[in-house]
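>>> quick one: sequence and predicted model below, then my questions.
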Amino acid sequence: MDAMNISSEDYPTCDNCGKKSNKIVGKCFDCSTSLCEVCYVYHENMKVFRDHKVFTGDIVNSITLPKRPIVDSTVCALHGDEKLKFYCETCGMFICRDCILLQHKTHNFQLISDVYVKKLANLKGELDEAVERIDSTMKHIASAKTNLNEMNIFIEETEGKMNALFDEVGPVIEPRRREALASVRPFITQYDIYSKYIAEVSVGVQELQESYNSIRQVRTLFLSV
């Protein structure tokens with residue numbers, strides 16, 4: 001299919017939220033669900049899903065999830081038709097009203113909706129901080145590259161001026177020429193060291209840029225929820 005003609009209707013559906021997504025980033029074997037970027041982050045940060053087997057990366061599309069009987073995941077398995085409306089922070093699991101009265105009455109629990117709002121706010125805050133740190137790092141790298149270029153220009157101009165000057169006066173003051181050029185060598189050594197450092201840092205800039213773009217995409221998805 002021509003990528004230019006792909007519409008949102010052609011995107012796969014996230015099994016968790018039911019929304020169309022242009023990228024399924026994970027598949028949970030235990031839940032038997034495909035996860036979009038937002039649902040994957042939420043799934044990974046919930047204690048109740050801690051031991052689940054989640055596949056990510058290039059193998060996602062090749063994973064076939066097991067077919068499981070359709071079960072209403074909002075209904076408590078212990079108390080019939082009671083809805084799972086609470087999250088027990090002590091046990092790290094979803095519970096119903098009867099669970100609170102019988103098994104979890106001394107535990108710390110909250111409404112699931114409140115937990116979701118708090119988790120979402122925390123994740124948004126962490127994403128904002130990550131974006132700010134990456135922005136700051138990339139600005140420092142850009143500034144360092146600018147300083148490196150200016151240093152290189154200064155060294156080349158200085159050497160050129162010295163060579164032109166000493167070419168005029170001839171070999172009479174050749175010893176002073178060598179002495180003067182030697183005085184520039186520390187700058188060249190410093191430049192070489194600085195250049196090597198920038199080269200090493202630049203190796204990771206591309207990966208940093210990709211992570212930065214990915215974080216901004218997830219952040220945009222969170223802000224749209």
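Yep, it's here.

>>> contacts and neighbour counts: CA atoms only from here.
Fine.

>>> that's a strand at residue 34, yeah?
Yes - assessed with DSSP: H, G, I helix; E, B strand; the rest coil, residue 34 lies in a strand.

>>> just to be sure, residue 162 is in a helix?
Yes - with three-state DSSP as the criterion, residue 162 is part of a helix.

>>> pLDDT score for it?
In this model, residue 162 is scored at 79, pLDDT.

>>> find the least confident helix or strand in the chain, judged by mean pLDDT.
Least confident helix or strand of the chain, by mean pLDDT, DSSP states H and E, is helix 205-224 with a mean of 64.

>>> so what are the domain limits for the chain?
3-62, 71-107, 116-224 (automatic domain parsing).

>>> reformat those as a markdown table; add mean neighbour count.
Converted to a markdown table, these look like this (neighbours: other CA atoms under 10 Å):
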| stretch | mean neighbour count |
| --- | --- |
| domain 3-62 | 16 |
| domain 71-107 | 15 |
| domain 116-224 | 13 |
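
>>> tell me where the chain has strands.
Assigned by DSSP state E, the strands in the chain fall at 24-28, 33-36, 54-56, 86-88, 93-95, 109-111.

>>> mind putting those in a markdown table, distance to residue 80 included?
Formatted as a markdown table, the strands of the chain follow (distance: least, CA to CA, whole Å):
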| stretch | distance to residue 80 |
| --- | --- |
| strand 24-28 | 26 |
| strand 33-36 | 24 |
| strand 54-56 | 29 |
| strand 86-88 | 16 |
| strand 93-95 | 12 |
| strand 109-111 | 19 |
